[in-house]
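Peer 1: all I have is the shape, not the residue letters:
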Ligand SMILES: [Fe+2]
Ligand SMILES: [Fe+2]
């Protein structure tokens, strides 16, 4: 293969990455800029990340993996951005409110908050409500996109805790 062919291939790959990166951002633009969603920036999450950044990381990997698998990547990105919209600091929430089951209850809280501001489809609802499986034993994902976030959420959480993200 000559050098021009290699260069053309690299360029095509870069163009493709740029194109899907643009599509990723345009599919969640309204969510990213929403004041309620932006308020997640005040709540610390894993490691040094806040809730907003964590959701952005999960939305990104969700989109990327679902796109590679030919699934509904738009819904994956949008629900990824909303999956932890519980709107409190979970580190102190238990002490302040007596509500100790954050791990089990926050998907339903996030779904309730997300529905207040955005119209959600069935896949997005499944992604948000069941993303904590297997912690929420009986809330099992019913869509393939719902299974992807189970992995993406844990993957991002681990990288954030280890401060790689
Ligand atoms: Fe969560
Ligand atoms: Fe999460």
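Peer 2: Everything's here; your move. Remember, predicted model here, so these are calculated numbers, not experimental data. Ligands and ions are numbered 1, 2, ... in the order given.

Peer 1: residues near residue 60, how many?
Peer 2: Residue 60: 20 surrounding residues under other C-beta atoms under 10 Å. C-betas here are computed from N, CA, C, even on glycine.

Peer 1: with residue 143 instead?
Peer 2: 20.

Peer 1: what does residue 136 give?
Peer 2: Residue 136: 17 neighbours (other C-beta under 10 Å).

Peer 1: which ones are touching it?
Peer 2: 103-104, 107, 130 (C-beta atoms under 8 Å, 6 or more residues apart in numbering).

Peer 1: mark which of these are buried, thanks.
Peer 2: 107, 130 (16 or more other C-beta atoms under 10 Å).

Peer 1: kindly reformat the contacts of residue 136 as JSON lines containing distance to ligand 2 and pLDDT.
Peer 2: Below are the contacts of residue 136 laid out as JSON lines (distance: C-beta to the ion, whole Å; pLDDT from 0 to 100):
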{"residue": "103", "distance to ligand 2": "11", "pLDDT": "93"}
{"residue": "104", "distance to ligand 2": "14", "pLDDT": "94"}
{"residue": "107", "distance to ligand 2": "9", "pLDDT": "97"}
{"residue": "130", "distance to ligand 2": "12", "pLDDT": "98"}
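
Peer 1: the contacts of residue 136 in helices, which ones?
Peer 2: When DSSP state H defines the helices, the subset of these inside them is 103-104, 107, 130.

Peer 1: and of those residues, the nearest to residue 76?
Peer 2: Nearest to residue 76 among the ones in helices among the contacts of residue 136, counting by C-beta to C-beta, is residue 130 at 13.2 Å.

Peer 1: gap between the closest one and residue 69?
Peer 2: Distance of residue 130 to residue 69, computed by C-beta to C-beta, to the nearest Å: 18 Å.

Peer 1: same thing with residue 59?
Peer 2: 16 Å.

Peer 1: next: residue 155.
Peer 2: Separation of residue 155 from residue 69 (C-beta to C-beta): 15 Å.

Peer 1: neighbour count: these two, which is higher?
Peer 2: The neighbour comparison of residue 155 against residue 69 (other C-beta under 10 Å) goes to residue 155, with 16 against 12.

Peer 1: my read is that residue 67 contacts residue 20, right?
Peer 2: Yes - using C-beta atoms under 8 Å, residue 67 and residue 20 qualify as a contacting pair, with a distance of 6.4 Å.
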